[in-house]
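A.B. asks: Sharing a model that was predicted from the sequence below.
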Amino acid sequence: MRKITIGIMTQEKIRERMLAIAKGEYKPKPGEPKIWFTSMKSLAEVLSDENRALLKTIRDTHPESITGLADITGRKPGNLSRTLKTMSHYGIVEMRRENRHVRPIVKATEFQIIAA
């Protein structure tokens, strides 16, 4: 399991950084965050204690589907689906289509946080 580096910066600074990268004025260094949040609050919502426990459950049980994960965790499939979609947006979870199901796959359970 790999460790993901997460950065925290204002929306304005993130935008400036992205524009500089797009213009070729700045090249990100290895190890710099690829995932950015605008506040500690938004980061805490995505990586709450409950969501980190969910990541460990997925890693340990390898559920075949969101429904299977719902059975294991006792959470409702709709709620679980929204949470996993958000985590997928940030690259923390991969949602892989297999036959008629969507299988959640954890990309990381360790995080390094850098506040700029």
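C.D. replies: Right, received. Where do you want to start?
A.B. asks: in the chain, which residue is closest to the centre?
C.D. replies: Using C-alpha atoms, centre = their mean, the residue of the chain that lies closest to the mean C-alpha position is Ile92, 2.8 Å off.
A.B. asks: Excluding covalently adjacent residues, which one is nearest to Lys27?
C.D. replies: Counting by C-beta to C-beta, 6 or more residues apart in numbering, the nearest residue to Lys27 once its immediate chain neighbours are dropped is Ile21, at 7.3 Å. Using the backbone N, CA and C atoms, a C-beta is placed for each residue, glycine as well.
A.B. asks: Which stretches in the protein count as helices?
C.D. replies: 11-23, 40-46, 49-61, 66-73, 77-89 (DSSP state H).
A.B. asks: Same list (the ones you listed) but as a markdown table, adding distance to Ile113 and mean neighbour count.
C.D. replies: Listed next are those as a markdown table, based on distance: least, C-beta to C-beta, whole Å; neighbours: other C-beta atoms under 10 Å:
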| stretch | distance to Ile113 | mean neighbour count |
| --- | --- | --- |
| helix 11-23 | 15 | 12 |
| helix 40-46 | 7 | 13 |
| helix 49-61 | 13 | 15 |
| helix 66-73 | 25 | 17 |
| helix 77-89 | 16 | 15 |
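A.B. asks: closest one to Ala116 among those helices?
C.D. replies: Distances from Ala116 to each of these were compared by C-beta to C-beta, and the smallest falls on helix 11-23, at 6.8 Å.
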